[in-house]
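Peer 1: Need coordinates for the following:
(2 chains)
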There are 2 protein chains.
Amino acid sequence: MSTYSGAGVDVAAADRFTNSIASRVTATWTEHVVGTFGGFATGITIPDGYTRPVLMMTTDGVGTKAELARRLGQFDGIGHDLVAMCVDDLAAQRATPLGFTDYLAVGALQPERDEAIIGSIADACRLAGCALLGGETAVHPGVMEPDQFDLAGAALGVAEAAELFDPGDVRPGDAIIGVASPNVRSNGFSLVRSVFTESDLRDSFEGTTLGDVVLEPSVIYAPTVLEAARELPIRAMAHITGGGLPGNLPRVLPEGLTAHLDVASWEIPAIFGIIAERGGIEHAEMFQTFNMGIGFALVVPAAHAESTLAAVTDHPAWIIGEVVPGNTVRLQP
Amino acid sequence: MSTYSGAGVDVAAADRFTNSIASRVTATWTEHVVGTFGGFATGITIPDGYTRPVLMMTTDGVGTKAELARRLGQFDGIGHDLVAMCVDDLAAQRATPLGFTDYLAVGALQPERDEAIIGSIADACRLAGCALLGGETAVHPGVMEPDQFDLAGAALGVAEAAELFDPGDVRPGDAIIGVASPNVRSNGFSLVRSVFTESDLRDSFEGTTLGDVVLEPSVIYAPTVLEAARELPIRAMAHITGGGLPGNLPRVLPEGLTAHLDVASWEIPAIFGIIAERGGIEHAEMFQTFNMGIGFALVVPAAHAESTLAAVTDHPAWIIGEVVPGNTVRLQP
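Peer 2: As a prediction, this is how the structure comes out:
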């Protein structure tokens, strides 16, 4: 006799899991949330003050950082990575995060791990000021290993139509401000996994282990950079994700303008040096795969560069380059 | 020398894939979309006519129906499953779908398969009247088999605050209208996979193969049931997903009221009989795992039952039961 639970999907365990996370999820709910936990969808209203609100949606995952987290048994930071990947994409479009949904796929439910993951998503949502409106925990027995998991999410934000960035406003000579990423964030992990063995990840590094450093959770930039955009005449913003600075800056610059970056102008975290050295990875490949210490970039008129640096108080930031004519990002030296 | 491409992530191939799907994606864009393809997030404005709009978000995946699609090499319907799972959750909350994002995780990019998957998501978004606003295609080399994939999505909808259903409006004696699901939709596939071998799935069935029947794409109910809700005094609606009728009807009924269903009142598609027979699965287990031929349910005052049936013209529908005092759904016989 076949049962769903015999096929690897224990509905009662899934219900227990849902109950165990309910208070963590609803703790993220702002006064704008409409609905109750367990409905088919959860509602949220747009905060007052928007004249012509534009809703923004985006989606991302944590890539195979999840696989490293599994191998090292560390799940407390992975939700920060997920939320950062999504809400910082919203922020680059000048959208304030409102809501978030997560998708967790597992081979089998593991209550301690799964509560840690959802708890870290909820914590990160609170940091980002958005409500965790829904989630799906999918059990895929026989398709994923019992302890394997994958994590993705989607974020909803709101922007004022008249305040959306227009690439046409960017001018040659504009300054590019880089905001520090002290770590790898959540891109390039297939390369990280190919460079380091599991034994390498237990090596001492910067007072902890290499594994701890590569798994460090991503910074969430949205609150800081959205506040800066309210105060200063910022012309474009870019979230530095897959593709690095050369791949992401062109997404917000007009045809015919590009970025000239002085690579010596900021501190590249030591972890990137170790990755390059152990993997024998060329300079250009490193910059096209990793953030290299810059997780978010702002484009401002040069006259406002110093005041923008002063406004980004939560994270180290530097003038890393300028907008120049051209089509391909130039890295110097 | 290590490279990202050597680690299994071919950025150039990913760019080619993104370009190949651009026109399919933007073909879903309604006049409300704000933005350009390739931005960090895409915007959408709320259609005119809402007094107090409530945004709704939900997320879901296709479960291990993806694994069966992989084994049978059929990818044209899986996007309909994904969109149906999400937008019909919105519809149950009376939210009109506005936007959608997809998350496709793969072991390796396979352009023909991946274009078929994204194309089917785009087609289903057009059917549902929502814009495909973003997507993430994540390559997980060494974690997933090259031909393995997983598919999840998130949907954004909008409802009028004053029109949201209130479970407190449901009364004993209200009629429950069931809308036909001719197939398995996208729940219970771990059980389907445990019941049928790959050879079984090649068996002839209803003029085609068993595999074709279990992979049939899900009906998308949102346009039909939202239109019915505009015309008739519907008190609650439920999307029949994981947990079946006994698991999903209670989500929209108040404490102390439940559903009494006459199982003989609708046609249960033959596929469920074959699953039960081959798997030796008990009646109750079938109803708790599968939709058993009812994919969506509407609760209306009994006096409006016939007019509701008349309004749901796109799909077969039946009066399948009534609301009664109690706490557990009763299935008769």
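Peer 1: who does the closest residue to chain B within the stretch 101-250 of chain A bridge with?
Peer 2: The nearest approach of the stretch 101-250 of chain A to chain B comes at residue A:154, 3.4 Å away (Cβ to the nearest Cβ). Every C-beta, even on glycine, is put in place using the N, C-alpha and C of the backbone. Beta-bridge partners of residue A:154, counted by DSSP bridges, are residue A:59, residue A:101.
Peer 1: so it touches residue A:59, yeah?
Peer 2: Yes: Residue A:154 lies in contact with residue A:59 (Cβ atoms under 8 Å); the separation is 4.2 Å.
Peer 1: For the residue of the stretch 101-250 of chain A closest to chain B, give me its contacts.
Peer 2: Neighbouring residues of residue A:154 by Cβ atoms under 8 Å, 6 or more residues apart in numbering or on different chains: A:57-59, A:86, A:100-101, A:103, B:57, B:59, B:101, B:103, B:153-154.
Peer 1: and the stretch 151-300 of chain A, which residues reach chain B?
Peer 2: Counting by Cβ under 8 Å from any Cβ of the partner chain, the positions of the stretch 151-300 of chain A adjacent to chain B are A:152-157, A:159, A:161, A:164, A:188, A:190-191, A:193-195, A:238-239, A:242-243, A:247, A:251-252, A:279-282, A:285, A:288-289.
Peer 1: Mind jotting down where the strands sit in the stretch 101-250 of chain A?
Peer 2: Using DSSP state E, counting those that start in this stretch, the strands assigned to the stretch 101-250 of chain A run over residues A:131-139, A:149-160, A:175-180, A:204-205, A:208-209, A:236-239.
Peer 1: got the angle between the longest one and strand B:149-160?
Peer 2: Here strand A:149-160 runs at an angle of 30 degrees relative to strand B:149-160 (axes from the mean of the first three to the mean of the last three Cα atoms, to 10 degrees).
Peer 1: Need the CA coordinates for strand A:149-160. CSV is fine.
Peer 2: Extracted C-alpha coordinates of strand A:149-160, given in CSV (Å, rounded to 0.1, in the frame of the first residue of the first chain):
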residue,chain,number,x,y,z
PHE,A,149,18.6,22.2,-0.1
ASP,A,150,18.2,25.0,-2.6
LEU,A,151,17.0,28.5,-1.7
ALA,A,152,15.4,31.2,-3.9
GLY,A,153,13.2,34.2,-3.2
ALA,A,154,11.3,37.1,-4.8
ALA,A,155,10.9,40.6,-3.6
LEU,A,156,8.3,43.3,-4.1
GLY,A,157,9.2,47.0,-3.8
VAL,A,158,7.7,50.4,-4.6
ALA,A,159,9.2,53.4,-6.2
GLU,A,160,7.9,56.9,-7.1
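Peer 1: how much distance is there from it to the middle of the chain?
Peer 2: Computed by Cα atoms, centre = their mean, to the nearest Å, the chain-centroid distance of strand A:149-160 equals 10 Å.
Peer 1: Can you list the buried residues in it?
Peer 2: Judged by neighbour count using 16 or more other Cβ atoms under 10 Å in any protein chain shown, the buried positions of strand A:149-160 are A:149, A:150, A:151, A:152, A:153, A:154, A:155, A:156, A:157, A:158, A:159.
Peer 1: Same question for stretch A:134-142.
Peer 2: A:134, A:135, A:136, A:137, A:138, A:139, A:140, A:141.
Peer 1: do stretch A:246-263 as well
Peer 2: Residues of stretch A:246-263 classed as buried by neighbour count (16+ other Cβ under 10 Å): A:246-253, A:257-263.
Peer 1: do the same with stretch A:325-333
Peer 2: A:329, A:331.
Peer 1: related to what we said a few turns ago, which residues are in contact with both of residue A:154 and residue A:59?
Peer 2: With Cβ under 8 Å, 6+ apart, residue A:154 and residue A:59 have common neighbours A:86, B:101, B:103, B:154.
Peer 1: Compare these and tell me which has the most neighbours.
Peer 2: residue A:86 (38 neighbours; other Cβ atoms under 10 Å in any protein chain shown).
Peer 1: and the helix or strand in which that residue is found, does that touch chain B?
Peer 2: Applying DSSP states H and E as the criterion places residue A:86 in helix A:78-92. Yes: using Cβ under 8 Å from any Cβ, helix A:78-92 comes into contact with chain B via A:89, A:90, A:92.
Peer 1: What number of residues are in the vicinity of whichever residue of the stretch 201-333 of chain A sits closest to chain B?
Peer 2: Using Cβ to the nearest Cβ, residue A:279 is the residue of the stretch 201-333 of chain A that sits closest to chain B, at 3.6 Å. Residues lying near residue A:279 (other Cβ under 10 Å) number 20.
Peer 1: before we move on, the earlier item: and the helix holding residue A:86 with strand B:149-160, angle?
Peer 2: 60 degrees.
Peer 1: mind listing the helices for chain A?
Peer 2: With DSSP state H as the definition, chain A shows helices at residue ranges A:11-26, A:65-72, A:78-92, A:111-128, A:189-195, A:210-215, A:222-231, A:244-248, A:270-279, A:283-289, A:305-311.
Peer 1: tell me the mean pLDDT over the last one?
Peer 2: If I follow you right, that is helix A:305-311. The pLDDT scores in helix A:305-311 average 97.
Peer 1: Next, work out how far apart residue A:89 and residue A:82 are.
Peer 2: Computed as Cβ to Cβ, to the nearest Å, the residue A:89 to residue A:82 distance reads 12 Å.
Peer 1: Likewise for residue A:328?
Peer 2: 31 Å.
Peer 1: what do you get for residue A:64?
Peer 2: In terms of Cβ to Cβ, residue A:64 sits 13 Å off from residue A:82.
Peer 1: And these two? Which one has more around it.
Peer 2: More neighbours surround residue A:82 than the other of residue A:64 and residue A:82, with 31 against 28 (other Cβ under 10 Å).
Peer 1: Now the more buried one: closest residue in space that isn't a chain neighbour?
Peer 2: residue A:153 (4.8 Å; Cβ to Cβ, 6 or more residues apart in numbering or on different chains).
Peer 1: show me what contacts the one you found?
Peer 2: When contacts are taken as Cβ under 8 Å, 6+ apart, residue A:153 is in contact with A:59-61, A:82-83, A:85-86, A:100-103, A:121, B:154.
Peer 1: In JSON lines, list the residues you listed along with pLDDT and distance to residue A:113.
Peer 2: Converted to JSON lines, those look like this (pLDDT from 0 to 100; distance: Cβ to Cβ, whole Å):
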{"residue": "A:59", "pLDDT": "98", "distance to residue A:113": "23"}
{"residue": "A:60", "pLDDT": "98", "distance to residue A:113": "21"}
{"residue": "A:61", "pLDDT": "98", "distance to residue A:113": "17"}
{"residue": "A:82", "pLDDT": "98", "distance to residue A:113": "15"}
{"residue": "A:83", "pLDDT": "98", "distance to residue A:113": "18"}
{"residue": "A:85", "pLDDT": "98", "distance to residue A:113": "20"}
{"residue": "A:86", "pLDDT": "98", "distance to residue A:113": "21"}
{"residue": "A:100", "pLDDT": "98", "distance to residue A:113": "20"}
{"residue": "A:101", "pLDDT": "98", "distance to residue A:113": "20"}
{"residue": "A:102", "pLDDT": "98", "distance to residue A:113": "14"}
{"residue": "A:103", "pLDDT": "98", "distance to residue A:113": "16"}
{"residue": "A:121", "pLDDT": "98", "distance to residue A:113": "13"}
{"residue": "B:154", "pLDDT": "98", "distance to residue A:113": "23"}
